[in-house]
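Asker: below: sequence and its predicted model.
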Amino acid sequence: MGKSEKRRLKVGGVYIIISLCALALAVCLVDALLHPPYFLKVPIKILFFLLIPLSYFLVNKKDFGQFKGLFVPKKKGILRALLLGGGIYGVIVGGFFLTRGIIDYSGVTSSLNEGMGITADNFLYVSIYISLMNSFLEEFFFRGYGFIALKSYTGRAFAYLFSSAIFALYHVGMILPMFHPAVLLLLLAGLFIGGCIFNYINEKDGNIYASWFAHMFANFAINTVGFVLFDMI
């Protein structure tokens with residue numbers, strides 16, 4: 001491997017790591033401190049979650065084939081993701097009903113209302129966006145870009161742990177006001193483990209469809225809980 005190739009690998013890996021940290025930290029701080037209306041945050045989030053990875057793949061022409069591979073579906077992988085997604089849905093919804101008498105969920109709807117302007121009147125539209133579009137954006141950014149692209153620079157172990165940790169950090173600002181610290185730590189551990197699982201199923205197929213479908217069903221479950229908490233079902 002020549003010096004120019006080594007330099008390309010070093011620069012590419014550093015760029016991915018810094019961009020992942022910067023965006024995840026920015027979203028975390030904005031959610032925790034500024035509490036912008038959800039519908040104001042959505043277009044900005046879409047812009048950056050697409051622009052940063054696309055800029056990387058366009059500049060790094062040698063990795064553009066890898067970018068195209070992220071969107072090539074495999075039938076067996078999608079079926080596996082649907083089964084995993086169904087299991088995730090059952091665990092989240094079942095866990096909610098089992099712990100409803102133990103954990104205080106009242107802070108969830110008040111936090112969504114006061115912090116992001118999400119109410120029972122607009123929750124249906126938010127839930128559709130979260131389940132379909134937001135799940136795709138996060139899988140493209142954290143798994144396609146933050147894991148599959150990153151591991152070619154840093155190796156599998158680091159990419160697994162780093163992308164999963166950043167994925168969990170990214171959610172801190174949003175869920176921080178909703179739960180007791182002990183529950184918050186449990187949720188963050190679940191997000192980290194979920195990130196590792198999503199990395200694993202994507203690595204087997206070389207695309208993001210598997211984790212996107214599984215993530216979609218996880219969001220379906222969270223939105224089902226939201227419908228219950230907002231007294232919509």
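Answerer: Now that the structure is in, tell me what you want to look at.

Asker: so which residues of the chain form helices?
Answerer: According to DSSP state H, the chain carries its helices in the segments 3-29, 38-59, 64-69, 75-99, 106-116, 123-129, 135-138, 150-154, 156-175, 181-205, 209-229.

Asker: and the pLDDT for Val59?
Answerer: Confidence per residue is given as pLDDT, and for Val59 that number is 83.

Asker: likewise Pro177?
Answerer: At Pro177, the pLDDT value in this model is 83.

Asker: before we move on, back to that, would you turn the helices of the chain into TSV with distance to Gly144 and mean neighbour count?
Answerer: Where you see a C-beta, it was placed from the backbone N, CA and C, and this is true even at glycine. Formatted as TSV, the entries for these read as follows, by distance: least, Cβ to Cβ, whole Å; neighbours: other Cβ atoms under 10 Å:
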stretch	distance to Gly144	mean neighbour count
helix 3-29	11	15
helix 38-59	7	15
helix 64-69	8	13
helix 75-99	14	15
helix 106-116	26	16
helix 123-129	20	16
helix 135-138	10	20
helix 150-154	10	19
helix 156-175	10	19
helix 181-205	8	17
helix 209-229	9	21
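
Asker: nearest residue to the middle of the protein?
Answerer: What sits nearest the mean C-alpha location of the chain, by Cα atoms, centre = their mean, is Glu138, with 4.0 Å.

Asker: wait, it touches Phe49, no?
Answerer: Yes: with contacts defined as Cβ atoms under 8 Å, Glu138 counts as touching Phe49 at a distance of 7.4 Å.

Asker: returning to what we had before: could you check how far the residue nearest to the centre of the chain is from Gly77?
Answerer: 18 Å (Cβ to Cβ, to the nearest Å).

Asker: repeat that for Leu184.
Answerer: For Leu184, the distance to Gly77 (Cβ to Cβ) stands at 32 Å.

Asker: what does Val172 give?
Answerer: Using Cβ to Cβ, one gets 30 Å for the distance from Val172 to Gly77.

Asker: picking up where we left off before, quick one: contacts for the residue nearest to the centre of the chain?
Answerer: By Cβ atoms under 8 Å, 6 or more residues apart in numbering, the residues touching Glu138 are 49, 167, 215.

Asker: can you put those residues in JSON lines and add pLDDT?
Answerer: Written out in JSON lines, the entries for the contacts of Glu138 read as follows (pLDDT from 0 to 100):
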{"residue": "Phe49", "pLDDT": "94"}
{"residue": "Phe167", "pLDDT": "96"}
{"residue": "His215", "pLDDT": "91"}
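
Asker: which one among those residues gets closest to Leu23?
Answerer: Phe49 (7.6 Å; Cβ to Cβ).

Asker: grab the nearest non-local neighbour of that closest one.
Answerer: Leu137 (4.3 Å; Cβ to Cβ, 6 or more residues apart in numbering).

Asker: got the contact list for the one you found?
Answerer: Contact criterion Cβ under 8 Å, 6+ apart gives 45-46, 49-50 as the residues in contact with Leu137.
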